[in-house]
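> sharing a model that was predicted from the sequence below.
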Amino acid sequence: MHVFLASVNKPYLLDPAVHSDGPVTIYKGFWQILLENYIWVSIGALLFFICLLVWYLIRNQKKSNQDQTMEETIDPFEEALQAIEELQKKKLKIEPKPFVFRLSEILRIYIQKRFQMPAMELTGEEFIVEIASNPFFSRNYEDLLRDFVGQGDRIKYSKETIESNQINLLLDSALFFVKDTNKRIEDQEKTKHEATNTVPAKM
């Protein structure tokens, strides 16, 4: 009798669409779920951040290695010659002061890469002092570079009219310096190589 009354009191017996008396589904909001599982969410976010950081570091390292390899494969001599030739083609289209600024930059970049000198970071006076303290330059090119820097500074900072022969003189000096230093270094390296490979004759 009690079993029958309990069954009668069940509401789904009166509703033909209800087939069971299972638990009612409770819907939770996003923030409630997030708060209830904040530990796992925090761990997941931390792992994601670590993976992202590792990926970023590896990507930058690869890019840095590629840039370094590319710089090493480019011959400073060839790079300087190409830059001077391109600048020479634009000589009539560029004003004297920007032209001399660019020519000085090319020469300093060549010296910095070819001779491992911080040429780009030095002022004109500091550059000359550095040149004078270097035996390779002081014995062969100190006067040339001193004149190049002096004339270049006068053109860059002077308000006087610049003649084309002054530009041509600086251009010729830069070309001579790049070609002659490269030839001198190659001759020195060739001499050292031959001296190293020379086998002394037997007595």
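Received it, and whenever you're ready, just let me know what you need.
> so where is this structure shaky, pLDDT-wise?
1-28, 30, 34, 41, 64-73, 198-203 (pLDDT under 70).
> now do stretch 151-162: distance from first to last residue.
11 Å (CA to CA, to the nearest Å).
> flag every buried residue along it.
Under the neighbour-count criterion of 16 or more other CB atoms under 10 Å, stretch 151-162 has Q151, G152, I155, K156, I162 buried. (Each C-beta comes from the backbone N, C-alpha and C, glycine too.)
> possible to save these as TSV with secondary structure and distance to I128?
Formatted as TSV, the buried residues of stretch 151-162 follow (DSSP: H, G, I helix; E, B strand; the rest coil; distance: CB to CB, whole Å):
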residue	secondary structure	distance to I128
Q151	helix	13
G152	helix	12
I155	helix	17
K156	helix	15
I162	coil	22
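> pick out whichever of those sits closest to F136.
Among these, G152 lies closest to F136 (CB to CB), at 21.2 Å.
> roughly how far does that closest one sit from N168?
Distance of G152 to N168, computed by CB to CB, to the nearest Å: 13 Å.
> ok, now K156?
In terms of CB to CB, K156 sits 16 Å off from N168.
> tell me the domain ranges of this structure?
1-73, 76-189 (automatic domain parsing).
> and the last one, end to end?
Which is domain 76-189. Across domain 76-189, first to last residue, CA to CA, it's 16 Å.
> would you format the buried residues of stretch 151-162 as JSON lines with distance to L144 included?
As requested, those are exported to JSON lines (distance: CB to CB, whole Å):
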{"residue": "Q151", "distance to L144": "11"}
{"residue": "G152", "distance to L144": "12"}
{"residue": "I155", "distance to L144": "16"}
{"residue": "K156", "distance to L144": "18"}
{"residue": "I162", "distance to L144": "20"}
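> G29: which of those residues is nearest?
The closest of those, once distances to G29 are taken by CB to CB, is K156, at 69.0 Å.
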